[in-house]
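S.K.: how would this look folded up:
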Amino acid sequence: MEITAHHGLFKDTQLHVDDTGGDGRPVVLIHGWPLSGESWSEQVPALTDAGYRVVTYDRRGFGRSDRPRTGYTYDTLADDLEAILTGLDLTDATLVGFSMGGGEVARYASRHGVERLRSVVLAAAVPPYMLQTGDNPEGPLTKGAAAEMEQDLRSDREAFFDQFTTDFFSVDGELKVTEQQRQDAIALCRQSDQRAALGCMEAFGTTDFRGDLESLIPVPTLVLHGDGDGTVPFEGSGRRTHAALPASRLHVIAGAPHGCNVSHAEEFNRVLLEFLGD
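M.R.: Just a heads-up that it's a prediction; the model follows:
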(Lines give C-alpha, C1' and ligand atoms only; values in the text may rest on other atoms or scores of the structure.)
Protein backbone atom coordinates (compact mmCIF):
# COMPACT_ATOMS: atom_id res chain seq x y z
CA MET A 1 0.00 0.00 0.00
CA GLU A 2 0.99 3.64 -0.20
CA ILE A 3 0.62 6.17 2.61
CA THR A 4 0.87 9.88 1.85
CA ALA A 5 3.04 12.06 4.08
CA HIS A 6 1.26 15.45 4.29
CA HIS A 7 4.13 17.55 5.59
CA GLY A 8 7.29 19.23 4.45
CA LEU A 9 7.91 21.11 1.21
CA PHE A 10 6.52 18.22 -0.85
CA LYS A 11 3.18 17.50 0.80
CA ASP A 12 2.20 14.49 -1.30
CA THR A 13 5.15 12.17 -0.75
CA GLN A 14 4.02 8.57 -1.19
CA LEU A 15 5.63 6.08 1.19
CA HIS A 16 5.55 2.42 0.22
CA VAL A 17 4.29 0.26 3.09
CA ASP A 18 4.03 -3.52 3.46
CA ASP A 19 1.62 -4.64 6.18
CA THR A 20 0.98 -8.29 7.00
CA GLY A 21 -2.27 -7.28 8.69
CA GLY A 22 -4.09 -9.42 11.22
CA ASP A 23 -5.02 -8.88 14.84
CA GLY A 24 -1.56 -9.33 16.32
CA ARG A 25 0.37 -6.64 18.14
CA PRO A 26 2.08 -4.36 15.59
CA VAL A 27 5.83 -4.41 15.07
CA VAL A 28 7.17 -1.68 12.78
CA LEU A 29 10.57 -2.40 11.20
CA ILE A 30 12.58 0.67 10.12
CA HIS A 31 15.41 -0.14 7.73
CA GLY A 32 19.00 0.99 7.56
CA TRP A 33 20.80 3.14 4.99
CA PRO A 34 20.81 2.87 1.97
CA LEU A 35 18.51 -0.16 1.85
CA SER A 36 14.72 -0.56 1.91
CA GLY A 37 12.01 -2.42 3.79
CA GLU A 38 12.99 -5.55 1.86
CA SER A 39 16.13 -5.77 3.98
CA TRP A 40 13.97 -7.24 6.77
CA SER A 41 13.34 -10.45 4.81
CA GLU A 42 14.90 -12.59 7.57
CA GLN A 43 12.65 -11.07 10.26
CA VAL A 44 9.20 -10.71 8.66
CA PRO A 45 8.42 -14.46 8.42
CA ALA A 46 9.61 -15.16 11.97
CA LEU A 47 7.55 -12.32 13.42
CA THR A 48 4.50 -13.20 11.34
CA ASP A 49 4.70 -16.86 12.37
CA ALA A 50 4.79 -15.70 16.00
CA GLY A 51 1.48 -13.90 15.52
CA TYR A 52 2.62 -10.30 15.16
CA ARG A 53 1.32 -7.77 12.66
CA VAL A 54 4.47 -6.73 10.83
CA VAL A 55 4.81 -3.39 9.09
CA THR A 56 7.80 -2.43 6.94
CA TYR A 57 8.18 0.62 4.77
CA ASP A 58 10.65 2.24 2.42
CA ARG A 59 12.12 5.52 3.65
CA ARG A 60 11.45 8.46 1.31
CA GLY A 61 14.01 8.41 -1.48
CA PHE A 62 14.65 4.68 -1.13
CA GLY A 63 13.11 1.47 -2.44
CA ARG A 64 9.63 1.98 -3.83
CA SER A 65 8.79 5.26 -2.09
CA ASP A 66 8.70 8.67 -3.76
CA ARG A 67 11.92 10.61 -4.21
CA PRO A 68 11.31 14.28 -3.35
CA ARG A 69 14.13 16.77 -3.67
CA THR A 70 14.12 17.57 0.06
CA GLY A 71 13.07 16.12 3.40
CA TYR A 72 16.11 14.02 4.30
CA THR A 73 16.42 15.29 7.85
CA TYR A 74 15.43 13.37 10.94
CA ASP A 75 12.60 15.77 11.73
CA THR A 76 10.93 15.01 8.40
CA LEU A 77 11.74 11.30 8.56
CA ALA A 78 10.21 11.11 12.04
CA ASP A 79 7.15 12.87 10.68
CA ASP A 80 6.99 10.23 7.93
CA LEU A 81 6.99 7.54 10.62
CA GLU A 82 4.19 9.37 12.41
CA ALA A 83 2.20 9.47 9.16
CA ILE A 84 2.50 5.68 8.90
CA LEU A 85 1.52 5.02 12.52
CA THR A 86 -1.50 7.33 12.30
CA GLY A 87 -2.42 6.20 8.79
CA LEU A 88 -2.58 2.59 9.95
CA ASP A 89 -3.91 3.61 13.39
CA LEU A 90 -1.23 1.59 15.15
CA THR A 91 -1.15 1.54 18.95
CA ASP A 92 0.68 -0.63 21.48
CA ALA A 93 3.36 -0.84 18.80
CA THR A 94 6.99 -1.84 18.95
CA LEU A 95 9.37 0.16 16.77
CA VAL A 96 12.49 -1.67 15.63
CA GLY A 97 15.04 0.78 14.24
CA PHE A 98 18.10 -0.66 12.51
CA SER A 99 21.18 1.55 12.07
CA MET A 100 19.91 4.84 10.63
CA GLY A 101 16.40 3.70 11.58
CA GLY A 102 17.34 3.88 15.25
CA GLY A 103 17.65 7.62 14.84
CA GLU A 104 14.10 7.80 13.53
CA VAL A 105 12.90 5.94 16.62
CA ALA A 106 14.65 8.38 18.96
CA ARG A 107 13.55 11.50 17.07
CA TYR A 108 9.99 10.17 16.74
CA ALA A 109 9.76 9.75 20.52
CA SER A 110 10.95 13.28 21.25
CA ARG A 111 8.92 14.87 18.44
CA HIS A 112 5.64 12.96 18.66
CA GLY A 113 5.61 11.35 22.10
CA VAL A 114 5.43 7.71 23.08
CA GLU A 115 1.69 7.21 23.55
CA ARG A 116 1.43 4.81 20.61
CA LEU A 117 4.42 2.76 21.72
CA ARG A 118 4.67 -0.39 23.78
CA SER A 119 8.44 -0.77 23.37
CA VAL A 120 11.36 -0.02 21.07
CA VAL A 121 14.40 -1.87 19.75
CA LEU A 122 17.59 -0.08 18.73
CA ALA A 123 19.52 -2.54 16.54
CA ALA A 124 23.05 -1.63 15.44
CA ALA A 125 21.68 1.89 15.72
CA VAL A 126 23.40 5.25 15.22
CA PRO A 127 22.33 7.02 18.49
CA PRO A 128 23.43 8.69 20.57
CA TYR A 129 25.69 10.74 18.22
CA MET A 130 27.94 9.41 15.50
CA LEU A 131 30.05 12.47 14.71
CA GLN A 132 33.21 12.98 16.74
CA THR A 133 33.23 16.56 18.01
CA GLY A 134 34.71 18.53 20.87
CA ASP A 135 31.73 17.81 23.09
CA ASN A 136 31.31 14.27 21.72
CA PRO A 137 34.81 12.78 21.77
CA GLU A 138 33.42 9.23 21.85
CA GLY A 139 31.66 9.68 18.53
CA PRO A 140 32.87 6.88 16.24
CA LEU A 141 32.73 8.91 13.00
CA THR A 142 35.46 11.47 12.38
CA LYS A 143 34.84 14.45 10.14
CA GLY A 144 37.53 13.19 7.81
CA ALA A 145 35.89 9.77 7.47
CA ALA A 146 32.48 11.39 6.89
CA ALA A 147 33.90 13.60 4.13
CA GLU A 148 35.60 10.60 2.51
CA MET A 149 32.35 8.61 2.51
CA GLU A 150 30.50 11.46 0.86
CA GLN A 151 33.17 11.92 -1.81
CA ASP A 152 33.30 8.20 -2.58
CA LEU A 153 29.53 8.02 -2.99
CA ARG A 154 29.51 11.07 -5.25
CA SER A 155 32.36 9.88 -7.44
CA ASP A 156 31.42 6.21 -8.02
CA ARG A 157 28.17 4.83 -6.59
CA GLU A 158 28.76 1.30 -7.81
CA ALA A 159 32.22 1.00 -6.29
CA PHE A 160 31.01 2.63 -3.08
CA PHE A 161 28.11 0.20 -2.64
CA ASP A 162 30.36 -2.77 -3.38
CA GLN A 163 32.78 -1.78 -0.62
CA PHE A 164 30.06 -0.60 1.75
CA THR A 165 28.17 -3.89 1.66
CA THR A 166 31.41 -5.81 2.11
CA ASP A 167 32.19 -3.82 5.25
CA PHE A 168 28.54 -3.98 6.33
CA PHE A 169 28.63 -7.77 6.50
CA SER A 170 32.26 -8.37 7.51
CA VAL A 171 34.26 -8.73 10.72
CA ASP A 172 38.03 -8.38 10.51
CA GLY A 173 37.88 -8.75 6.75
CA GLU A 174 35.82 -11.95 6.82
CA LEU A 175 32.42 -11.88 5.12
CA LYS A 176 29.75 -13.25 7.48
CA VAL A 177 27.00 -13.75 4.88
CA THR A 178 26.82 -15.51 1.55
CA GLU A 179 27.90 -13.66 -1.56
CA GLN A 180 24.29 -13.86 -2.79
CA GLN A 181 23.09 -12.09 0.36
CA ARG A 182 25.64 -9.35 -0.22
CA GLN A 183 24.54 -9.02 -3.86
CA ASP A 184 20.92 -8.78 -2.70
CA ALA A 185 21.92 -5.88 -0.46
CA ILE A 186 23.74 -4.17 -3.34
CA ALA A 187 20.57 -4.45 -5.42
CA LEU A 188 18.65 -2.61 -2.69
CA CYS A 189 21.37 0.05 -2.47
CA ARG A 190 21.06 0.68 -6.20
CA GLN A 191 17.37 1.54 -5.77
CA SER A 192 18.28 4.58 -3.67
CA ASP A 193 18.01 8.07 -5.11
CA GLN A 194 21.42 9.74 -5.09
CA ARG A 195 20.08 12.95 -3.54
CA ALA A 196 18.35 10.93 -0.83
CA ALA A 197 21.43 8.79 -0.20
CA LEU A 198 23.63 11.84 0.27
CA GLY A 199 21.08 13.69 2.40
CA CYS A 200 20.52 10.73 4.69
CA MET A 201 24.25 10.06 4.92
CA GLU A 202 24.68 13.57 6.29
CA ALA A 203 21.70 13.12 8.62
CA PHE A 204 22.81 9.89 10.28
CA GLY A 205 26.39 11.08 10.52
CA THR A 206 25.77 14.50 12.05
CA THR A 207 22.53 14.34 14.07
CA ASP A 208 22.83 14.52 17.85
CA PHE A 209 20.27 12.22 19.51
CA ARG A 210 21.49 12.61 23.08
CA GLY A 211 18.51 14.77 24.01
CA ASP A 212 16.07 12.62 22.06
CA LEU A 213 17.01 9.50 24.01
CA GLU A 214 15.58 11.07 27.17
CA SER A 215 12.10 10.61 25.67
CA LEU A 216 12.71 6.84 25.58
CA ILE A 217 13.54 6.53 29.28
CA PRO A 218 10.00 5.39 30.23
CA VAL A 219 9.74 3.02 27.24
CA PRO A 220 10.93 -0.62 27.50
CA THR A 221 13.97 -0.70 25.22
CA LEU A 222 16.20 -3.40 23.79
CA VAL A 223 19.66 -2.42 22.56
CA LEU A 224 20.87 -5.09 20.14
CA HIS A 225 24.32 -4.86 18.56
CA GLY A 226 27.11 -6.95 17.07
CA ASP A 227 30.48 -6.73 18.79
CA GLY A 228 32.23 -6.86 15.40
CA ASP A 229 30.31 -3.94 13.92
CA GLY A 230 32.77 -1.79 11.97
CA THR A 231 30.14 0.48 10.42
CA VAL A 232 28.47 1.69 13.64
CA PRO A 233 30.92 0.48 16.29
CA PHE A 234 29.29 -0.79 19.47
CA GLU A 235 31.53 1.13 21.89
CA GLY A 236 30.62 4.48 20.35
CA SER A 237 26.93 3.78 19.85
CA GLY A 238 25.09 0.83 21.41
CA ARG A 239 27.06 0.84 24.64
CA ARG A 240 26.52 4.58 25.11
CA THR A 241 22.81 4.29 24.32
CA HIS A 242 22.44 1.51 26.88
CA ALA A 243 24.17 3.71 29.46
CA ALA A 244 21.85 6.62 28.62
CA LEU A 245 18.83 4.34 29.14
CA PRO A 246 19.65 2.59 32.42
CA ALA A 247 16.53 0.42 32.34
CA SER A 248 17.21 -0.81 28.81
CA ARG A 249 18.07 -4.40 28.02
CA LEU A 250 21.36 -5.02 26.22
CA HIS A 251 22.21 -7.98 24.03
CA VAL A 252 25.55 -8.11 22.22
CA ILE A 253 25.84 -10.66 19.41
CA ALA A 254 29.31 -12.18 19.49
CA GLY A 255 31.17 -12.09 16.20
CA ALA A 256 28.43 -10.19 14.38
CA PRO A 257 29.01 -7.40 11.84
CA HIS A 258 26.81 -4.38 11.27
CA GLY A 259 24.31 -6.39 9.23
CA CYS A 260 23.63 -8.70 12.14
CA ASN A 261 19.95 -9.14 11.27
CA VAL A 262 21.11 -11.11 8.21
CA SER A 263 24.43 -12.63 9.30
CA HIS A 264 23.09 -13.80 12.68
CA ALA A 265 19.39 -13.88 11.86
CA GLU A 266 18.58 -16.82 14.14
CA GLU A 267 20.03 -15.15 17.25
CA PHE A 268 18.70 -11.74 16.26
CA ASN A 269 15.17 -13.12 15.86
CA ARG A 270 15.30 -15.17 19.04
CA VAL A 271 16.34 -12.20 21.16
CA LEU A 272 13.81 -9.96 19.47
CA LEU A 273 10.95 -12.41 20.02
CA GLU A 274 11.94 -12.93 23.66
CA PHE A 275 11.84 -9.17 24.19
CA LEU A 276 8.49 -8.84 22.43
CA GLY A 277 7.06 -11.64 24.57
CA ASP A 278 7.87 -9.95 27.88
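
S.K.: ranges for the strands of the protein?
M.R.: 2-5, 13-19, 26-30, 53-57, 93-98, 117-123, 170-171, 174-175, 221-226, 249-253 (DSSP state E).

S.K.: those: lowest mean pLDDT?
M.R.: Here the lowest mean pLDDT among those goes to strand 2-5, at a mean of 61.

S.K.: and Trp40, what does it touch?
M.R.: Trp40 is in contact with 29, 31, 56, 261, counting by Cβ atoms under 8 Å, 6 or more residues apart in numbering. Every C-beta, even on glycine, is put in place using the N, C-alpha and C of the backbone.

S.K.: cutoff 6 Å now
M.R.: Applying Cβ atoms under 6 Å, 6 or more residues apart in numbering, one finds that Trp40 lies in contact with 29, 56.

S.K.: state the distance from it to Ala147.
M.R.: Using Cβ to Cβ, to the nearest Å, Trp40 is found at 31 Å from Ala147.

S.K.: again with Pro233
M.R.: For Pro233 relative to Ala147 (Cβ to Cβ), the value is 19 Å.

S.K.: more crowded one of these two?
M.R.: Relative neighbour count places Pro233 above the other of Pro233 and Ala147, with 19 against 11, counting by other Cβ atoms under 10 Å.

S.K.: and for the more buried one, nearest residue in space, chain neighbours not counted?
M.R.: Using Cβ to Cβ, 6 or more residues apart in numbering and skipping the chain neighbours, the partner closest in space to Pro233 is Pro140 (4.6 Å).

S.K.: just the pLDDT for the one you found.
M.R.: At Pro140, pLDDT is 97.

S.K.: quick one: closest of the strands of the chain to Gln163.
M.R.: With Cβ to Cβ as the criterion, Gln163 lies closest to strand 170-171 of the strands of the chain, at 10.3 Å.
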